[in-house]
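Visitor: Provided below for reference: sequence and predicted model.
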Amino acid sequence: MDNKIKIAICKTEGAEDLPLPQYMTCGSAGMDLAANVSEITYLEPGDFKVIPCGIKIQLPLGFEAQVRPRSGLAAKHGITLLNSPGTIDSDYRGEIKVVLINHSKQKFAIKRGDRIAQLVISKVVQAEIFQKRKLLETERGEGGFGHTGV
């Protein structure tokens, strides 16, 4: 595959036993992130917690990593990310952490090494902003939320 980039990853202290992020199938867009918790951590219904993943990454300039929910956790357990997608900028060197939230009516257990989120690497473009008095007109105009109907 010729669309791969190289990304350096360091494990944080105490996370040496956790797997590196990996694509689970050849067509996967996201790599699974593992929970770096020392003991079972519970998410009560409606609760949210920051869960560390035990890794730091070095992205090339012009790329970002997006932290996204895992669809299986959402569909089966009501677990998703509070800030989705979370953005990891190319100049960030801290530990990757995810903010999990429990939208279900059941307590949810997070165990060490559980796959809790996915990491998607994306190319980004920075915009050059300039001010104008008036923008070009379009057919849509200022039509916002629900402007085309249900």
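Guide: That came through fine.
Visitor: and the longest strand anywhere in the chain, what's buried?
Guide: Assignment by DSSP state E gives strand 115-123 as the longest strand of the chain. Within strand 115-123, the residues that qualify as buried are 115-119, 121, counting by 16 or more other CB atoms under 10 Å. C-beta here means a position set from N, CA and C on the backbone, and glycine is covered the same way.
Visitor: and the strands in this protein, which stretches?
Guide: Taking DSSP E as the test, the strands found in the chain are 8-11, 31-34, 41-43, 48-52, 55-58, 63-68, 79-81, 86-88, 97-102, 108-110, 115-123.
Visitor: next, name the residue at the spatial heart of this structure.
Guide: Closest to where the C-alpha atoms of the chain average out (CA atoms, centre = their mean) is Val67, at 0.8 Å.
Visitor: bridged to that residue, which residues?
Guide: Beta bridges link Val67 to Gly86, Leu119, judged by DSSP bridges.
Visitor: state the pLDDT value of it.
Guide: We have a pLDDT of 98 for Val67.
Visitor: out of the strands of the chain, deepest packed?
Guide: For these, the largest average neighbour count (mean count of other CB atoms under 10 Å) is found in strand 31-34, namely a mean of 22.
Visitor: tell me how far stretch 99-114 lies from the chain's centre.
Guide: Here the centre of mass of C-alpha atoms in stretch 99-114, compared against the chain's by CA atoms, centre = their mean, to the nearest Å, lies 16 Å away.
Visitor: for stretch 143-150, that is, sorry about that
Guide: 29 Å.
Visitor: span of that stretch from start to end?
Guide: End-to-end distance of stretch 143-150 (CA to CA, to the nearest Å): 14 Å.
Visitor: what's next to that stretch, contact-wise?
Guide: Identification of contacts with stretch 143-150 by CB atoms under 8 Å, 6 or more residues apart in numbering yields Arg140.
Visitor: now Ile79. Nearest residue, chain neighbours left out?
Guide: Spatial nearest neighbour of Ile79, excluding adjacent residues (CB to CB, 6 or more residues apart in numbering): Leu73 at 4.1 Å.
Visitor: ok, Ala65 next?
Guide: Ile88 (4.0 Å).
Visitor: quick one: contacts for Asp114?
Guide: Contacts for Asp114 (CB under 8 Å, 6+ apart) come out as 34-35.
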